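> Mind folding the following:
(one chain, ligands or ions: 1)
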Amino acid sequence: MDNRGKVADAASSPASHDEILYRLKTGHDRFLAGQSIHPHANRDHLRELEFAQHPEVAILSCSDSRVPVELLFDTGFGDIFVVRNAGNACTPDTVASLEYAVAALNVKLLLVMGHEQCGAVSTACGDRQGLTPSLLELTREIRTGLLKHDKSLAVREACHIHPRITGDALLVASRLLQDRVRSGEVQLHTACYVLNGGTIEWQGEIDGSKV
Ligand SMILES: [Zn+2]
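Predicted structure coming up:
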């Protein structure tokens, strides 16, 4: 079955979690192979979405300019509900945005995707003197999560662990997300994007019952 560019077609035929994940991974495979087809990228498709959107996945990633989510997964208008902040951290805005994706848009799969060489994670691991109050707050969130998990603050390891920590934190912060994940209606996965080569380390699903 050729699933190329069919991410947004879920509105007409609800997809399983495995199918949604498969589409993400095959889109990324196309990107890696230099065979991106840039689906749903024209104005005609945008026009079809004017009054409704039906993304089947929501992704929380870093705002880093090297992490363009739609390009990495070879998707287009209407395919992915994207939430980004520096360091893909669990913040009130992040939680609210993902709750909206799940409750209002009926998104069935959540992906927290960190990346190597993350400046926000690196800052959280290092000297934070001189940061603005807002940056202190953001990096405090990241640093606190890392320190709870492991006393080591080695940046590379932290970049790989941090998506998992954020995923757990989302479920602690949101009763709605926790309930949907525990019931199996929504799956929450994490991943780490490796800038050198563009590969993605898929870290699997978070078991909501253990949070
Ligand atoms: Zn980053």
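> In three-state terms, label Ala58 for me.
The three-state assignment at Ala58 reads strand, by DSSP: H, G, I helix; E, B strand; the rest coil.
> for His189, same thing?
From three-state DSSP, the assignment for His189 is strand.
> isn't it right next to Asp207, touching?
No. With contacts counted by Cβ atoms under 8 Å, His189 stays clear of Asp207, the gap being 11.3 Å. Glycine gets a C-beta too; all of them are placed from N, C-alpha and C.
> Looking at these two, which has the bigger crowd around it?
Legend: neighbour count by other Cβ atoms under 10 Å for His189 and Asp207, higher for His189 (22 against 12).
> Find me the pLDDT at Pro14, would you?
Listed pLDDT for Pro14 reads 78.
> all numbers from here: first residue = 538
Let's use 538 as the start, then, which means that last one is Pro551.
> Quick check: it is in a helix.
No. Counting by three-state DSSP, Pro551 is not part of a helix but coil.
> so who does it touch?
Neighbouring residues of Pro551 by Cβ atoms under 8 Å, 6 or more residues apart in numbering: Lys645.
> Using PDB, write out every CA atom in the lengthiest helix in the chain.
Taking DSSP state H as the criterion, the chain has its longest helix at helix 692-710. C-alpha atoms of helix 692-710 as PDB (Å, rounded to 0.1, in the frame of the first residue of the first chain):
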ATOM      1  CA  VAL A 692      24.700  17.700  27.300                       C
ATOM      2  CA  ARG A 693      24.500  14.900  24.700                       C
ATOM      3  CA  GLU A 694      22.900  12.500  27.000                       C
ATOM      4  CA  ALA A 695      20.600  15.200  28.300                       C
ATOM      5  CA  CYS A 696      19.400  15.900  24.800                       C
ATOM      6  CA  HIS A 697      18.400  12.300  24.400                       C
ATOM      7  CA  ILE A 698      16.800  11.900  27.800                       C
ATOM      8  CA  HIS A 699      15.000  15.200  27.800                       C
ATOM      9  CA  PRO A 700      12.100  14.200  25.400                       C
ATOM     10  CA  ARG A 701      11.300  11.300  27.700                       C
ATOM     11  CA  ILE A 702      11.300  13.600  30.700                       C
ATOM     12  CA  THR A 703       9.000  16.100  28.900                       C
ATOM     13  CA  GLY A 704       6.700  13.300  27.900                       C
ATOM     14  CA  ASP A 705       6.300  12.200  31.500                       C
ATOM     15  CA  ALA A 706       5.900  15.800  32.700                       C
ATOM     16  CA  LEU A 707       3.100  16.400  30.200                       C
ATOM     17  CA  LEU A 708       1.100  13.500  31.700                       C
ATOM     18  CA  VAL A 709       1.700  14.700  35.200                       C
ATOM     19  CA  ALA A 710       0.700  18.300  34.300                       C
END
